[in-house]
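Novice: below are the sequence and a predicted model for it; my questions follow.
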Amino acid sequence: MSVYVGNLSYDVKEDDLSQVFAEYGTVKRVQLPTDRETGRPRGFGFVEMSSDTEEDAAIAALDGAEWMERDLKVNKAKPREDRKPAGGGGYGGNSRNFSRR
């Protein structure tokens, strides 16, 4: 399992986040997703630690804490849901394909 960290500054680097969480245990992995088009950080990340106990300690200490002038949102990460492909369907875009009754 991993920890979701939200409301991050766009200036945060993986090493920064790793150092903060290392105070509560062994950090196995840090991910900071970036926007596909701009490459800019998306303002949230994920931290994987060695044990649930360490993750729980980090969550208890850091949820709501101010860091880099932001109030962090820290909780257990939820499994990623399967998302439908982008692009809409049926009636979007070209109104000539839409028939009214």
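Specialist: Structure's in. What do you need? Fair warning: this is a prediction, and the values are worked out from it, not measured in the lab.

Novice: and the longest helix for this structure?
Specialist: Using DSSP state H, we find that the single longest helix of the chain is helix 52-62.

Novice: parallel or antiparallel, list what pairs with the helix or strand just after that one.
Specialist: Later in the chain than helix 52-62, the nearest helix or strand by DSSP states H and E is strand 66-67. Strand pairing for strand 66-67, determined by DSSP bridges: strand 70-71 (antiparallel).

Novice: who touches the partner strand?
Specialist: The contact list for strand 70-71 (C-beta atoms under 8 Å, 6 or more residues apart in numbering) reads Asn7, Leu8, Ser9, Gly64, Ala65. To be clear about C-beta, it is placed using only N, CA and C from the backbone, and glycine gets the same treatment.

Novice: who's in contact with the second one?
Specialist: Applying C-beta under 8 Å, 6+ apart to Leu8 gives the contacts Leu17, Leu32, Pro41, Gly43, Phe44, Gly45, Met68, Arg70, Leu72.

Novice: once you drop chain neighbours, what's closest to the first one?
Specialist: Okay, so that is Leu17. Of all residues not flanking Leu17 in the chain, Val30 sits nearest, at 5.1 Å (C-beta to C-beta, 6 or more residues apart in numbering).

Novice: who does the helix or strand hosting that neighbour pair with, and is each partner parallel or antiparallel?
Specialist: In this structure, Val30 sits in strand 27-31 according to DSSP H and E. Partner strands and pairing direction for strand 27-31 (DSSP bridges) are strand 44-49 (antiparallel).

Novice: report the angle between the strand it pairs with and helix 52-62.
Specialist: 140 degrees (axes from the mean of the first three to the mean of the last three C-alpha atoms, to 10 degrees).

Novice: and strand 44-49, what's buried?
Specialist: Phe44, Gly45, Val47, Glu48, Met49 (16 or more other C-beta atoms under 10 Å).

Novice: how much space separates the last one from Asp56?
Specialist: Using C-beta to C-beta, to the nearest Å, we find Met49 at a distance of 9 Å from Asp56.

Novice: equivalent analysis for Arg36, please.
Specialist: Arg36 is 33 Å from Asp56, where distance means C-beta to C-beta.

Novice: do Lys78 as well
Specialist: On the measure of C-beta to C-beta, Lys78 and Asp56 end up 16 Å apart.
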